[in-house]
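Sequence plus the predicted model coming up.
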Amino acid sequence: MKLFSAYDTEIRYGMNDKGVIISLNKRVLDDTLSVCRNALAYIIPVLNDHYAEWEALKGTDRNNFCEHLIHSTEKNTAVCDFDSVFYKFPSGIRRSAVSEVMGIVSSYRSNLKNWEEDPKGNAPKLSYDHYWMPVIYRKSPSYAGGEIEKCGRLVYRLKVYRNHDWVWMPIVLGNDDVSYIERHCAGRKECSPALKKSHGRYYITWAFEERAELNDIDVMDCRICAVDLGICSDAACTMMDSTGTVYARKVIRIAYEKDQVNHLCNRIRKNQKAGRSVKELWAYAQNYNRMLARKVSAAIIAFAVKNDADTIVFEHLDTGGKKKGSRKQRLHMWKHRDIQKLTEYKAHQLGMRISRVCAWGTSRLAYDGSGEVKRGKEVSKTTPYNVCCFKNGKQYNCDLSASYNIGARYFLREISLRYKDYELPAAPKRTLSDLWKANRDLGLTR
């Protein structure tokens, strides 16, 4: 399978014609980005009016047809005056804009069709203002056009819009960023980069492609790492096989970043009550939260590698909608999607597979099949929220119990597909005890 990754390198300085490093002229880059987004807004109504013509086409035929709508050649006459309005507009950025607009118009048409079938609320509108970062193609012997050209290890030439013309401007990238890419991306295929602006700084986002071969082990023969992502403890991991045997378990807690996020959230709450600005505090909290997600993901991968996992199993979590209750800020800051996304990428690099199971009832049901559990204050005023009490009086870590159920549901799903005559509880009610029972009834215990 193909894996894609992207890394940002900040544009630190500019360079004059004599090769002397000077300060970066951000106004030129601002004008360049503004012209590119104006071109995007110009193309949107053109492709929307001719949607029926290009929607039925596929692949490169669709891209070529859409580009011919706005760009005239010797054998083609455009339906609009894009070439005169945006004189000498770079061909690479034009193709990137066309691809972006095709996605925008397709999404709008799909939403409009759904609304027409069930007209609730206001009809969707086609927006012309988009926060778009243009893709820039490399200049090479095989492609004489291009908008970026390498002149040295840190020095590039970037095509920019200056004084009503498209010209080449030398730029200097950060040494640390380039060194990181040289270390970690040496064996990967380079894709077209993109120009990016974030918090007043400009970056070149480099994209890379690599191929990974995933393991081809039968589900009932593999060893899985079942992961329960939580809010109190960051993750609970359990190594398990198809017989329900637990080989290893671990509760992951990243204390420092979590304390920093909670501390900043408390400061944000107090400042909001006092009517003060909290923009910088939110930025700090989000940075710590991103670092928390990365460390949790790295810890899950390390545990899976140490115990020779073939598959990592998560819950299919859906936290959409409005958050309510005293824990709504914690739910808002919960980076479970980032953790799963980072873990999936790292796992695929190592040949592991990723799977997801139904999340309903994994924490509420006891793994031994005794029914629903009580947790936290439902047990006593002094009981922590991550401790649960089974109906037989046994106290256990609630996240570990949930990870047992997650792993069991992965194998029970396969059993339900292979042995269709064998009756199993509904997916939201399956626990580890059901896997033990299925192994005994079907004679699967090794």
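Sure, I can see it.

Quick check: the gap between Arg364 and Lys75.
Note on Arg364: its distance to Lys75, by Cβ to Cβ, to the nearest Å, is 67 Å. Yep, even glycine has a C-beta here, placed from its N, CA and C like the rest.

more crowded one of the two?
Between Arg364 and Lys75, counted using other Cβ atoms under 10 Å, Arg364 has the larger neighbour count: 17 against 6.

List the residues that contact that one.
Applying Cβ atoms under 8 Å, 6 or more residues apart in numbering, one finds that Arg364 lies in contact with 372-373.

what about His68, how many residues close to it?
17.

Any idea what the residue lying closest to Asn25 once chain neighbours are set aside is bridged to?
Using Cβ to Cβ, 6 or more residues apart in numbering and skipping the chain neighbours, the partner closest in space to Asn25 is Gly14 (5.6 Å). Counting by DSSP bridges, Gly14 forms beta bridges with Ile22, Ile171.

Please read off the pLDDT at Gly14 from the model.
Listed pLDDT for Gly14 reads 91.

Surely it touches Trp168?
No. Using Cβ atoms under 8 Å, Gly14 makes no contact with Trp168, being 11.9 Å away.

which of these two has more neighbours?
Taking other Cβ under 10 Å, Gly14 and Trp168 do not tie; Gly14 has more neighbours (19 against 16).

Strands of the stretch 51-200 of the chain, residue ranges please.
With DSSP state E, counting those that start in this stretch as the criterion, the stretch 51-200 of the chain has strands at 148-150, 155-162, 165-173, 189-190, 194-198.

again with the stretch 251-400 of the chain
311-316, 353-358, 374-375, 387-389, 395-397.

So what's the gap between the last one and the chain middle?
Computed by Cα atoms, centre = their mean, to the nearest Å, the chain-centroid distance of strand 395-397 equals 33 Å.

buried set for that strand?
Buried residues in strand 395-397, counting neighbours by 16 or more other Cβ atoms under 10 Å, are found at 396-397.

residues near Glu100, how many?
Counted with other Cβ under 10 Å, Glu100 comes out at 18.

Can you tell me the element Asp228 falls in?
Secondary structure from DSSP states H and E places Asp228 in strand 224-229.

In its sheet, which strands sit next to that strand, and in what direction?
Here strand 224-229 has these sheet partners by DSSP bridges: strand 235-240 (antiparallel), strand 311-316 (parallel).

Can you pull out the low-pLDDT segments for the stretch 51-200 of the chain?
Across the stretch 51-200 of the chain, the ranges flagged by pLDDT under 70 are 141-142, 144.

again, only this time at 80
For the stretch 51-200 of the chain, applying pLDDT under 80 flags the ranges 140-145.

show me where it has helices.
Taking DSSP state H, counting those that start in this stretch, the helices of the stretch 51-200 of the chain run over residues 51-55, 59-70, 82-85, 91-117, 175-184.

same question, the stretch 251-400 of the chain
255-273, 279-306, 328-333, 336-349, 398-418.

from the chain's centre, how far out does the last one sit?
This points to helix 398-418. 25 Å.

Quick one: neighbours of Cys232, just the number.
Cys232, neighbours per other Cβ under 10 Å, totals 16.

In three-state terms, label it for me.
coil (DSSP: H, G, I helix; E, B strand; the rest coil).

Please tell me how far it sits from Gly14.
Applying Cβ to Cβ to Cys232 and Gly14 gives a distance of 49 Å.

For the spatially most central residue of the chain, give its distance to Lys335.
The chain has Lys341 as the residue nearest its centroid, 5.4 Å off, counting by Cα atoms, centre = their mean. Applying Cβ to Cβ, the value for Lys341 to Lys335 is 10 Å.

Ok, Arg138 next?
34 Å.
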